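Engineer: sequence? don't have it. structure:
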């Protein structure tokens, strides 16, 4: 890789404390936008969600189904619920060229909203390739989507064991139900969760109010504790030169080129103990780079072989453990487009291996200009699998160019 290449670090994760902060008015299927006019609803006086309905209506978030009526017991459809979550995340509709589901036509009002949530893996369709947008959303389906939205795992199903109807909770929803129960979003009634019951409008109001409260309580904490990542690559420099460069900068994460693929599944390890000690002394993290020397054939050999792929992943995980690294950066260039699925699988399996060590996994990708150079990158799946995607910006001007200019200016990138 040229020393002139600049790289842009892009975070591809969502979290409860950052994502659930912006609420906009829902559209008429769930709640039409309305000014906070203080109009009373005639049918909510006995609703347990009375205060939530009034509060969200005053904020212009929820309105009635018709003048003077909120219809608190009315069921919410899957399309309506997903669109509400999209608004929670401040997402825009995604007009995908090809629908993710056979029963979600492009002309439907909910098409873009379902695609937006689907591409972030907040929602998934059934095994038949359908979404059933007009079916009522069940409580366990809503619980699973909330758990995906906040990207949290309860780590145990013990909390749901106290529900009298625990055996009625689907296996696929158990962890989601446990998560929302643990966070206090959905508690059930009289020791029953009612997993297959339809979510009502008043339940929706209560859930949104709890998400709003959760966001308010945690957003400031997230802002105060979040730290930026300022990554410095060691390229064409000695350790001493690299350390001097870092000391003259605000770099807090070092990425030396220490590991390379080998055809046997082992890795070439060039870890420098001196830099390791120096980084700890100066409180710098190390995300060591893993390269493929731009060798297309070798990369295919490793990625496509279950045995060699597993061996390589084990070697990398062991290196992280032995050297006490904070993470790895995968920089595979010149990867055959036919290895697209194998590359994704490699990243997924490596991340699973590193999870127990609490080590970061980042992946370098090129901007998608529709060429065979980027055909191996399944950006959507890689963005879900890795902790970070690092967008490599270069090729506007280069070292041998007769025209001076930026390596990668913002308009170019």
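Structural biologist: Arrived safely. The structure displayed is predicted, hence computed values, not measured ones.
Engineer: So the protein: which segments form each domain?
Structural biologist: Under the assignment automatic domain parsing, the domains of the chain span 16-224, 228-393.
Engineer: and residue 96, what does it touch?
Structural biologist: Contact analysis of residue 96 by CB atoms under 8 Å, 6 or more residues apart in numbering lists 115, 119. Heads up, the C-betas are built off the backbone N, CA and C, glycines and all.
Engineer: Tell me where the stretch 101-250 of the chain is predicted with low confidence.
Structural biologist: Scanning the stretch 101-250 of the chain for pLDDT under 70 picks out the ranges 125-127, 151-161, 216-227.
Engineer: now the helices: where do they sit in it?
Structural biologist: Per DSSP state H, counting those that start in this stretch, the stretch 101-250 of the chain carries helices over the ranges 111-119, 139-149, 171-183, 201-225, 239-247.
Engineer: Mean neighbour count for these - can I get that in a markdown table?
Structural biologist: As requested, those are exported to a markdown table (neighbours: other CB atoms under 10 Å):
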| stretch | mean neighbour count |
| --- | --- |
| helix 111-119 | 22 |
| helix 139-149 | 23 |
| helix 171-183 | 19 |
| helix 201-225 | 18 |
| helix 239-247 | 15 |
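Engineer: Let me have those helices in CSV, extended by distance to residue 277.
Structural biologist: Shown next, in CSV, are the helices of the stretch 101-250 of the chain (distance: least, CB to CB, whole Å):
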stretch, distance to residue 277
helix 111-119, 43
helix 139-149, 41
helix 171-183, 41
helix 201-225, 28
helix 239-247, 11
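Engineer: Which one, of the domains of the chain, ends up nearest to residue 403?
Structural biologist: Proximity of these to residue 403 was assessed by CB to CB; the nearest stretch is domain 228-393, lying at 17.5 Å.
Engineer: Longest strand in the chain, by number of residues?
Structural biologist: Looking across the chain with DSSP state E, the single longest strand is strand 253-261.
Engineer: and that one, what does it pack onto?
Structural biologist: When contacts are defined as 3 or more CB pairs under 8 Å, 6 or more residues apart in numbering; DSSP states H and E, strand 253-261 packs onto strand 231-234, helix 239-247, strand 267-269, helix 273-281, strand 285-291, helix 296-304, helix 306-323.
Engineer: got these as a markdown table, with distance to residue 215 columns?
Structural biologist: Shown next, in a markdown table, are the helices and strands packed on strand 253-261 (distance: least, CB to CB, whole Å):
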| stretch | distance to residue 215 |
| --- | --- |
| strand 231-234 | 29 |
| helix 239-247 | 37 |
| strand 267-269 | 43 |
| helix 273-281 | 36 |
| strand 285-291 | 29 |
| helix 296-304 | 40 |
| helix 306-323 | 34 |
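Engineer: Buried deepest among these, which one?
Structural biologist: strand 285-291 (a mean of 22; mean count of other CB atoms under 10 Å).
Engineer: quick one: that one to chain centroid distance?
Structural biologist: 22 Å (CA atoms, centre = their mean, to the nearest Å).
Engineer: Same question for stretch 353-367.
Structural biologist: 13 Å.
Engineer: how about that stretch: buried residues?
Structural biologist: Neighbour-count burial for stretch 353-367, counted by 16 or more other CB atoms under 10 Å, picks out 353-354, 359-367.
Engineer: Likewise for stretch 83-96?
Structural biologist: Applying a neighbour-count criterion of 16+ other CB under 10 Å, one finds 83-89, 91, 94, 96 buried in stretch 83-96.
Engineer: What is the nearest of those to residue 311?
Structural biologist: residue 96 (37.6 Å).
Engineer: Would you quantify the distance from that closest one to residue 119?
Structural biologist: Using CB to CB, to the nearest Å, residue 96 is found at 7 Å from residue 119.
Engineer: for residue 62, same thing?
Structural biologist: Per CB to CB, residue 62 is found 26 Å from residue 119.
Engineer: out of the helices of the stretch 101-250 of the chain, which comes closest to residue 372?
Structural biologist: For residue 372, the closest of the helices of the stretch 101-250 of the chain is helix 111-119, at 23.7 Å, according to CB to CB.
Engineer: Give me the residues contacting that closest one.
Structural biologist: Contacts for helix 111-119 (CB under 8 Å, 6+ apart): 79, 82-83, 85-86, 91-96, 99-101, 104-105, 123-125, 131, 133, 145, 380.
Engineer: right, and residue 72 touches residue 48 too?
Structural biologist: No - with contact defined as CB atoms under 8 Å, residue 72 does not reach residue 48; the gap is 9.0 Å.
Engineer: quick one, which of the two is more surrounded?
Structural biologist: Neighbour count, other CB atoms under 10 Å: between residue 72 and residue 48, residue 72 has more, with 22 against 13.
Engineer: SS state for that one?
Structural biologist: Following DSSP: H, G, I helix; E, B strand; the rest coil, residue 72 is assigned to coil.
Engineer: what residues are up against it?
Structural biologist: Contacts of residue 72 were listed using CB under 8 Å, 6+ apart, and they are 43-44, 47, 49, 53, 200-202, 205.
Engineer: How about residue 131?
Structural biologist: Counting by CB under 8 Å, 6+ apart, residue 131 touches 78-79, 100-101, 103-104, 114, 123, 125.
Engineer: which of these has the most neighbours?
Structural biologist: The residue in the contacts of residue 131 with the most neighbours, by other CB under 10 Å, is residue 114 (27 neighbours).
Engineer: All the strands of the stretch 1-150 of the chain, in order from the start?
Structural biologist: In the stretch 1-150 of the chain, strands defined by DSSP state E, counting those that start in this stretch lie at 6-11, listed in chain order.
Engineer: returning to what we had before: joint contacts of residue 72 and residue 48?
Structural biologist: residue 202.
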